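Q: generate coordinates for the sequence data below:
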Amino acid sequence: MLHDIILRVLGNPTNVTPGQSSSATFEIENNGNGPEHAMLIVEGIPSTWEYHIEVGATELSGPISLSPSYENNHIAQVQIIFTPPSGEEGNLEIDIDISVVPSEGTDLNPSDNSHSFSVRTNRVTKPVLSMSTNVLDVRTDSMHLVTLGVLNDGNAVDGSMRIRIVADTLLPGITSTLSNGGASLHLSQWMDLGMPPQQNKELQWLITVSSDLPVGTRVIFSVVFEASDDIQGNSQTINETLILTITSHRELNFENTLSQIPELYPGQRMLFKVNVTSYSSFTEELELNILEGDVWSVKCNNLDQTTYSWNLVIPSTNDPSGRNVEWDCELTAPELSDYIPLEFSIKSENETLWYTVAEVTIYTPEIEGGGLIFGLVELDQQLPLMIGVGGLIFLVFVSLMVIAINKRRKTMMEDDDYDDDEHDEHTAPTQQQQQQQQQQIAQPIIAASQQVVPAAIPQQNTITDEQYRIAGWSEDKIADLRRQEVNEIAEISSAIQATHNQAAYASQVQYQQSQGSPQQIQPSTPQPVPLVENEQQNLHSAFGSLGVSEPPVSEVEKTPLPDTASALDTFAPEASYDEIEAAAVETENTAPSEPQGGQKLPQVNCAYCDRILSHTDQWFECPDCGIYSHTQCREGQQVCSRCGSKN
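A: Model (predicted):
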């Protein structure tokens, strides 16, 4: 059997447009003497191009069956369809080879069963527009975002591309804004794009619907996307339509009581409410979200939610006053170091309807400073401890004083018993000798009883307040020190006075016991006045003579303040009755006599010349330390001779 297949060209393109299909048509004839199965081979088409072969509008998937010429089915028409990609480079020349061979055997004349041709790609621009939706059923008081996609699906830059949005009806309650991430334009305004080949951009189209538009309002928007003319000179314009219809009414009012919450301290619990009033024509499903709710331990409607979100459903209403619902919430203030502002939001269908930030103030109560005690402890922080320690010290002091007084009393009683026995052994039997001895003993006893109290007034600490200030002490610290000194000296002075009174009383009792009839023997003598009281009266008289009236003093101030040495003498070993009597006699002999009709004035020396001040002298008292001096001596002095004060 002879094989002879002929390939004839019926037509082939010379230019192809990227993104568009082109075809080449061929005719295949069987000129052999038997049936033939012809194989069509296509070479030279790039792999990025799409192509297929059709025979009689049917895609070829194998060899082409041809009969001998006498059966009239020996010719077949073949179409090769190829499509270059949209982004294929412009002015690109492609050579394509087409050939046909028998499936078996060898062709007798291979020169007529192949053909070659060339095609060139065109430079084109092609606008493409896409929209996320073409229909919007909206509610009043809502916002909607539509995404627009624009593409230059060609192989050349098109600087003429632009887009705009127009509406068939302009309503004041509807706004339209188109944005490309930078510029924003409103209705009927052109936005220039100027896009390179195969570049895609997304534009955001924001539509806002106000709350005063009636239900049923309908607006038709047209999106117009233009590009430069194609290679045939035809304009390239794309129009898309969006239909917006208002189907329901939404109106919500939000209120909260967070602004009425006063300052909170850490750990304080507080109730608050979030109120919603709905005038909507449909059922509202609202979700309250609280950011940082875990820090504030927020709980609403008696429900603990780990997500800190609570839902409410508000049915539709036709009542002009609306329908009111609320969230009843509770929060607990955190520590100041953990403070984070509360953020509230209400959402519906992923749309935020309300947002606010609550600035609740957290405060910590301040503790007023009480100063320091001797620079060691804070008074305000350690006050209970100091009170307890002070009370314990006072009890210990009182106990020691009681023990010392009892011990002294016991010793004096033992000495009295010993003196009585010795006195009985040496007493003469005659009445005259007894009277002489009584006269000799009575005077020392009286003198002793009068001189038991120390004549000198104890002095306080000689360090002045000014010296403490120079050393860096505060006024509160100095005042505390002075108060403690006064209290300690007053207690020691009281103990000393009590001890001396006990000694005087014991001496008098011993003397009376040594006499047979005290009514006959002891002369009537005036009761001794304590020296402290006499000195206090003398001091009043001295102030009166100087022309200054002494202010009244309290019971504590009347007590003389002994110095440290006098206070320590209280706890020294007790003197015997003979020592006390001998000291009394010596004091009586050395003490100057004073008139019976009056009291002796205390001697006040000038702080500068050391002369005694009299009631006729002009004198000056230092306001800081209280020392006296002549006015003439004080004049010309810069500071006080005692405390160094400049007053």
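Q: now for the protein, the helix or strand with the poorest mean pLDDT.
A: When each helix and strand of the chain is scored by mean pLDDT, DSSP states H and E, helix 518-521 comes last, with a mean of 38.
Q: which residues sit in contact with the residue lying closest to Cys622 once chain neighbours are set aside?
A: If the residues on either side of it in the chain are set aside, Cys622 comes closest to Cys640, at 4.8 Å by C-beta to C-beta, 6 or more residues apart in numbering. In short, each C-beta sits where N, CA and C put it, glycine included. With C-beta atoms under 8 Å, 6 or more residues apart in numbering as the criterion, the residues that contact Cys640 are Ala607, Cys622, Asp624, Cys625, Ile627, Lys646, Asn647.
Q: would you format those residues as CSV with pLDDT, neighbour count and secondary structure included?
A: Putting these into CSV (pLDDT from 0 to 100; neighbours: other C-beta atoms under 10 Å; DSSP: H, G, I helix; E, B strand; the rest coil) gives the following:
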residue, pLDDT, neighbour count, secondary structure
Ala607, 82, 21, coil
Cys622, 86, 18, coil
Asp624, 82, 16, coil
Cys625, 84, 17, coil
Ile627, 84, 18, coil
Lys646, 75, 9, coil
Asn647, 69, 9, coil
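Q: tell me the one of these nearest Lys126?
A: Lys126 lies nearest to Lys646 out of the contacts of Cys640, by C-beta to C-beta, at 102.1 Å.
Q: quick check: the closest one touching Gln638?
A: Yes: contact status for Lys646 versus Gln638: in contact at 6.8 Å, counting by C-beta atoms under 8 Å.
Q: can you classify Ser493 by secondary structure?
A: Here Ser493 takes the helix state, with states given by DSSP: H, G, I helix; E, B strand; the rest coil.
Q: distance of it from Asn406?
A: Ser493 sits at a distance of 20 Å from Asn406 (criterion: C-beta to C-beta, to the nearest Å).
Q: cool, and Arg634?
A: 51 Å.
Q: so which of the two has more stuff around it?
A: Relative neighbour count places Arg634 above the other of Arg634 and Asn406, with 19 against 10, counting by other C-beta atoms under 10 Å.
Q: contacting residues around the closest residue to that one other than its chain neighbours?
A: Taking C-beta to C-beta, 6+ apart as the measure, Arg634 lies nearest to Phe620, with 4.4 Å between them; neighbours along the chain are not counted. In this structure, Phe620 makes contact with Tyr628, Ser629, His630, Thr631, Arg634, judged by C-beta under 8 Å, 6+ apart.
Q: phi first, then psi, for Phe620.
A: Backbone torsions of Phe620, given as degrees, to the nearest 10, read phi -140, psi 140.
Q: what sits opposite it in the beta ladder?
A: Beta-bridge pairing of Phe620 under DSSP bridges involves Ser629.
Q: buried sites along the helix or strand hosting Phe221?
A: Element membership of Phe221 [criterion: DSSP states H and E] is strand 218-227. Neighbour-count burial for strand 218-227, counted by 16 or more other C-beta atoms under 10 Å, picks out Val219, Phe221, Val223, Val224, Phe225, Glu226, Ala227.
Q: ok, those vs Thr245, which is closest?
A: Nearest to Thr245 among the buried residues of strand 218-227, counting by C-beta to C-beta, is Val219 at 8.0 Å.
Q: pLDDT score assigned to the nearest residue to the closest one once chain neighbours are set aside?
A: Using C-beta to C-beta, 6+ apart and skipping residues adjacent in sequence, the residue nearest Val219 is Leu244, 4.7 Å away. Reading off the confidence values, Leu244 has pLDDT 96.
Q: next, Leu244: phi, psi?
A: phi -110, psi 130.
Q: check whether the most far-flung residue of the chain relative to its centre sits in a helix, strand or coil.
A: For the chain, the residue at maximal distance from the C-alpha centroid (C-alpha atoms, centre = their mean) is Tyr70, at 103.7 Å. Three-state call for Tyr70 (three-state DSSP): helix.
Q: so how far is Glu251 from Pro320?
A: Pro320 sits 11 Å away from Glu251 when distances are taken as C-beta to C-beta.
Q: who has more neighbours, the two?
A: Glu251 (15 against 6).
Q: verify the contact between that one and Thr140 for me.
A: Yes: the criterion here is C-beta under 8 Å, and Glu251 meets it with Thr140 at 7.0 Å.
Q: point out where the protein drops to low pLDDT.
A: Filtered on pLDDT under 70, the chain yields the residue ranges 365-383, 416-462, 509-602, 647.
Q: the same query, at a cut-off of 50, please.
A: Residues of the chain that meet the criterion pLDDT under 50 lie in 369-372, 374-375, 427-458, 516-600.
Q: pairing partners for Leu129 in the sheet, please.
A: Val150.
Q: residues in contact with it?
A: Leu148, Gly149, Val150, Leu151, Ile163, Val223, Phe225, Ile238, Glu240.
Q: following the chain onward from the helix or strand hosting the fifth one, which element is next?
A: If I follow you right, that is Ile163. With the criterion set as DSSP H and E, the secondary-structure element containing Ile163 is strand 162-167. Stepping forward along the backbone from strand 162-167, the first helix or strand reached (DSSP H and E) is strand 174-179.
Q: that next one pairs with which strands, and in what direction?
A: Here strand 174-179 has these sheet partners by DSSP bridges: strand 184-185 (antiparallel), strand 200-209 (antiparallel).
Q: how close does Asp212 sit to Thr283?
A: Taking C-beta to C-beta as the criterion, Asp212 is separated from Thr283 by 21 Å.
Q: now the helices for this structure?
A: Defined through DSSP state H, the helices belonging to the chain, from first to last, are 293-296, 379-425, 431-451, 465-470, 475-514, 518-521, 531-545, 555-558, 564-569, 577-590, 631-634.
Q: quick revisit: what does the strand holding Phe221 contact?
A: Strand 218-227 is contacted from outside by 125-127, 129, 131, 148, 150, 152, 158, 160-169, 171, 174, 176, 235-246, using C-beta under 8 Å, 6+ apart.
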